[in-house]
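1. Pasting a predicted model and its sequence here:
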Amino acid sequence: MERMSGYSKEDFLQLHLEQLFHPKDIPTLNKCIQDILDGRGTVDSFEITMINKAGHYVHTVVTVVPIYIDEKLEGFYLIFKDVTKAKMTEELLIQSEKLFAVGQLAASIVHEIRNPLTSLMGFLQLIEHSDGEKNEYLKILSDELMRIHSITNELLVLAKPQAKKTNRENIPSLLNDVMKLMDSQAIKVGIELVLYSEEKVPDIICDGQQLKQVFINLIKNGIEAMDEKPGKITIRVMRKDHHIIISFTDEGIGMTPEQIKKLGEPFFTTKQKGTGLGMLTTFKIIENHDGNIEIESEVGKGTTIHVILPIQSK
Ligand SMILES: Nc1ncnc2c1ncn2[C@@H]1O[C@H](COP(=O)(O)OP(=O)(O)OP(=O)(O)O)[C@@H](O)[C@H]1O
Ligand SMILES: [Mg+2]
């Protein structure tokens, strides 16, 4: 008990229940003790959250055992078992089950949406190219269809269990392709995309299309975080031992530690038009490449996202 709570024997003599346990658990504990004192108590066991001396929560299971001697209640034992680790594993499991469910859902949505979408886009192109009167709504229609198209693309990544890591690709040249694609969008809002790369970055075996998707997601988030204020998004590529590090630095609104923690949760977004799938897809793709993502962010200053990829992927 001393080890679990951090309190010494002497401390315990001075402690109130309210100091040692989470307020939500106090009524249960009180009722259990009262039942024993009233002679109705039997051996009982339930979950209770302890607050240790350092102020951290320790999840425990307590077993209460009344002590009767000659049928007279003499006291009771409280036996605590630390289940914090098991609890954390359980939460991780729930999280990964959720992700799996999202993947399954994604697969079925993508399957249902793709075909009608393709035919809609085809017909729209026909109308646009026909001689008839140009309709301003056509552009909106086409933009919105493109949006659905890109959402289904993201969902597709989540639905696919593994990336096709079959191509030998050069990271700086993948980045160059992506920057060409994003440049016009950035320039429109006064943002400059700058790439600094070490000279000889080795090629890696990867799924180039998927990595491009990651780079697009990160640059798009950077642009959106700068909220149409002019500035720079800097992309750096360097080699460190057996890894390539690609860092994206924006001068945007930044994130609080709570936001950083939520990053990558399905559907977490602070944007009116966001889907909250961008970072989830990004994490998933990098995980599929045996890589890692590290985040540095300061509210009001900006964010740097480091993508770390092994040079020799398994
Ligand atoms: N570079 C960044 N700077 C500040 N906040 C960020 C940055 N990147 C992500 N975020 C925050 O994380 C949230 C989730 O990002 P994510 O890319 O997953 O979804 P989204 O951008 O909102 O929507 P989507 O990418 O699907 O269009 C964003 O809404 C935003 O609040
Ligand atoms: Mg995004």
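-> Cool, the structure landed. Numbers count the residues shown, from 1 in each chain. Ligands and ions are numbered 1, 2, ... in the order given.

2. so how far is residue 215 from whichever residue of the stretch 201-314 of the chain sits closest to ligand 2?
-> Nearest residue of the stretch 201-314 of the chain to ligand 2: residue 278, at 2.9 Å (Cβ to the ion). Yep, even glycine has a C-beta here, placed from its N, CA and C like the rest. Using Cβ to Cβ, to the nearest Å, residue 278 is found at 12 Å from residue 215.

3. where does the stretch 151-300 of the chain dip in pLDDT?
-> For the stretch 151-300 of the chain, applying pLDDT under 70 flags the ranges 159-164.

4. Domains in the protein, by residue range?
-> 2-82, 90-159, 167-310 (automatic domain parsing).

5. Please see if the longest one touches ligand 1.
-> What that stands for is domain 167-310. Yes. Judged by Cβ under 6 Å from any ligand atom, domain 167-310 comes into contact with ligand 1 at 217, 221-222, 225, 250, 252-255, 259, 263, 268-271, 274-280, 303.

6. Mind giving me the ChimeraX command for buried ones among these?
-> In ChimeraX syntax, the buried subset of the residues of domain 167-310 next to ligand 1 is picked out as below (16 or more other Cβ atoms under 10 Å):
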select :217,221,222,225,250,252,253,254,255,259,263,268,275,276,277,278,279,280,303
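
7. Show me where the stretch 201-314 of the chain has its strands.
-> Taking DSSP state E, counting those that start in this stretch as the test, the strands found in the stretch 201-314 of the chain are 204-206, 231-240, 243-250, 292-298, 302-310.

8. Summarise which helices and strands the first one is packed against.
-> Secondary-structure packing of strand 204-206 (3 or more Cβ pairs under 8 Å, 6 or more residues apart in numbering; DSSP states H and E): strand 167-169, strand 302-310.

9. Go again with 7 Å.
-> Strand 204-206 is packed against strand 167-169, with contacts defined by 3 or more Cβ pairs under 7 Å, 6 or more residues apart in numbering; DSSP states H and E.

10. The strand it packs on: what's the following helix or strand?
-> Downstream of strand 167-169, the next assigned helix or strand under DSSP states H and E is helix 171-188.

11. Walk me through which strands the helix or strand following that next one pairs with, and which way each runs.
-> Sequence-wise, the next helix or strand downstream of helix 171-188 (DSSP H and E) is strand 191-197. Strands that pair with strand 191-197, judged by DSSP bridges, come out as strand 231-240 (parallel).
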